[in-house]
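In: Sequence and predicted structure, then a few things I'm wondering about:
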Amino acid sequence: MTNTFRPGALWKGLFLATVLVMVLICGASGFEVNEDGQTLIQTARQAYTNDMRDRPVVTDPDIINYVERIAKSLVPKGKNPPPGVELKVTILDSPRPELYSYVDGHVIITTGMIYAMDNEAQLAGLLSHEIAQVVEGYYINMYQEIKAAERRERHKAAASALLGALLDVGVDYAVEVEDINQTERFFSGEATYEETLKRMAAAHAAQSAYYGIKDVVDSIPAKDSDGKWIDPRLRFQAVADAQGMVYLALAGYDASEAAKGWRNAHKISNELAREREKLMGPWAEELRATQSLMELNLSRLRQSMGAVGLVQTVSDAPAVRSDFVAKLTNLKEVQEAQKIHGRKKGRSAYQSFIQKNMLPKAKRALEEEDYPKAYAAYQVLYKKGVRSAPIVYGLAKSKLGDFAFGASEGEKRESEKLYKQALKLDPGYAPAYKGLGELYEDWERYDDAARAYRNYLKIAPKSADRRRVERKIKVLERKAKR
């Protein structure tokens, strides 16, 4: 599909007007959870239990409490999730940035998504999207409308119209989606997301009537301009983006940071994808096809659970999302809330959280000589601006490992800079001198190596390896005289 949408000045007014209407609708229109809604919630609860089985769920209470505190702070005062829905956060230990939720209130976020942020406001900005989904109960309301239409014979056609041909009565959605390439489009998200936003704007911009949930659903076609199926859940992505931004501003966070958070997530997702491509090598294309087939089967499994796939939101961070979210800062509700509640970024709080949780893991991995794991942890700390002599040293040491000769010249030079940076931060940090000694020894810079080792022993005269280092200094001095 050729993407004709460009979020420029021409569309700016359309989008803001559209989303404003839907924010007012979805924020103001309450609904009761009937038997159908309760069934969907129960199905989602079971789906969550099944999905989390054997997954790398983080159990560290400090991490859970920190993220859950932010999540719950985003729920506006006086607002509660629908009956039967309880907001809870589950964190998965995965480098891939992912964030989604179940309609029973479970919000799933990966450590990769958490550590992709630069401050607390960015993390809150991403979470606000899912908190809006949970609190407003979009899918529950949508499902109740669908089931109500199904029960009325004269409105059977309306059930089909709600989600287009995707939800024809008696027809499984997954049966309609046979082509693997279509599934790839769902998972890539970007084309259908843009199409969804474009159609929403076109459908609602010139109207000012009160829109109910069915109108919002019905306004977006089931297929894009190429005739490809659009995942029905994507219809509420823009709505949740807008409502979430209002939540974010009401909680006192700087709403402009949300777009930066989405850009960070998208950037890291792309980097991980490129790394996977390199690892796949000549089998990349075959493995991509296999992955798509697996994703299609997973999609079919979800659809077969009896709740038309509406138990779980979509996890996607397309490039266009950050631009769209950035424009939502111009919403009147967001601007007014920012004036009243402030614009905190929470950088120091986020750095403290990162240091408290990542530093022990980094130290342990370094002590156990698990250098790749240590390097990954120290790199997160360093990139987030948490820089002390031990952290910078740990990054340099884990980059080289035990044997500097196994590293490239570029890696050695980078480690030398880091060792020197550690000493600049703390001239009395002995391990950094030892690291320089090992590095210079490998480079056959014997005078520099001996000098670095002497400084090491001067600062740490009672070190356990003193005798070995003293012998090494004598050998280096002899080599330097040759």
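Out: Sure, I can see it. Numbering: from 1, shown residues only.
In: Could you name the helices and strands sitting against the strand or helix carrying Lys327?
Out: Assigned by DSSP states H and E, Lys327 belongs to helix 319-327. For helix 319-327, the elements it packs on are helix 9-28, helix 190-204, helix 237-250, helix 257-280, judged by 3 or more C-beta pairs under 8 Å, 6 or more residues apart in numbering; DSSP states H and E. To be clear about C-beta, it is placed using only N, CA and C from the backbone, and glycine gets the same treatment.
In: which of the residues in it are buried?
Out: Within helix 319-327, the residues that qualify as buried are Ala319, Val320, Arg321, Ser322, Phe324, Val325, Ala326, Lys327, counting by 16 or more other C-beta atoms under 10 Å.
In: so can I have CSV of those residues showing distance to Lys88?
Out: Below are the buried residues of helix 319-327 laid out as CSV (distance: C-beta to C-beta, whole Å):
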residue, distance to Lys88
Ala319, 30
Val320, 30
Arg321, 25
Ser322, 27
Phe324, 28
Val325, 25
Ala326, 30
Lys327, 31
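In: quick one: which helix or strand includes Pro372?
Out: helix 371-383.
In: ok, so what distance separates the closest residue to Glu416 other than its chain neighbours from Leu400?
Out: Spatially, and ignoring its direct neighbours in sequence, Glu416 is nearest to Leu439 (5.8 Å; C-beta to C-beta, 6 or more residues apart in numbering). The gap separating Leu439 from Leu400 is 7 Å, by C-beta to C-beta, to the nearest Å.
In: residues bridging contact with these two, i.e. touching both?
Out: Residues touching both Leu439 and Leu400 (C-beta atoms under 8 Å, 6 or more residues apart in numbering) are Lys412, Ser415.
In: before we move on, back to that, for the helix holding Pro372, what is the average pLDDT?
Out: Here helix 371-383 scores 87 as its mean pLDDT.
In: That helix: what's the following helix or strand?
Out: Counting by DSSP H and E, what follows helix 371-383 is helix 389-400.
In: what helices or strands is the helix or strand following that following helix leaning on?
Out: Of the helices and strands lying after helix 389-400 in sequence (DSSP H and E), the nearest is helix 409-425. Other elements packing on helix 409-425 under the criterion 3+ C-beta pairs under 8 Å, 6+ apart are helix 389-400, helix 430-442.
In: residues in contact with the first one?
Out: It stands for helix 389-400. By C-beta under 8 Å, 6+ apart, the residues outside helix 389-400 that reach it are 359, 362-363, 365-366, 371-372, 374-375, 378-379, 381-382, 406-407, 411-412, 414-416, 418-419, 421-423, 425-426, 429, 431-432, 435, 438-439.
In: Could you check the angle that helix makes with helix 371-383?
Out: Angle between the axes of helix 389-400 and helix 371-383 is 140 degrees (criterion: axes from the mean of the first three to the mean of the last three C-alpha atoms, to 10 degrees).
In: The longest one too?
Out: Between the axis of helix 430-442 and that of helix 371-383 there is an angle of 120 degrees, by the same axes, to 10 degrees.
In: Name the residues that touch the helix or strand just after helix 430-442?
Out: Going down the chain from helix 430-442, the next helix or strand is helix 446-459, by DSSP H and E. For helix 446-459, contacts defined as C-beta under 8 Å, 6+ apart pick out 428-431, 433-434, 436-438, 440-441, 463, 466, 469-470, 472-473, 476-477, 479-480.
In: CA-only coordinates of helix 446-459 in CSV, if you can.
Out: Extracted in CSV, the C-alpha atoms of helix 446-459 (Å, rounded to 0.1, in the frame of the first residue of the first chain):
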residue,chain,number,x,y,z
TYR,A,446,55.7,-1.7,28.8
ASP,A,447,56.6,1.6,30.5
ASP,A,448,52.9,2.7,30.5
ALA,A,449,51.8,-0.8,31.8
ALA,A,450,54.4,-0.8,34.6
ARG,A,451,53.4,2.7,35.6
ALA,A,452,49.7,1.8,35.7
TYR,A,453,50.4,-1.2,37.8
ARG,A,454,52.5,0.8,40.3
ASN,A,455,49.7,3.3,40.7
TYR,A,456,47.4,0.4,41.3
LEU,A,457,49.5,-1.0,44.1
LYS,A,458,50.1,2.5,45.5
ILE,A,459,46.3,3.0,46.0
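In: re earlier: with respect to Val85, which of the helices and strands packed on helix 409-425 lies nearest?
Out: Nearest of the helices and strands packed on helix 409-425 to Val85, taken as C-beta to C-beta: helix 389-400 at 40.9 Å.
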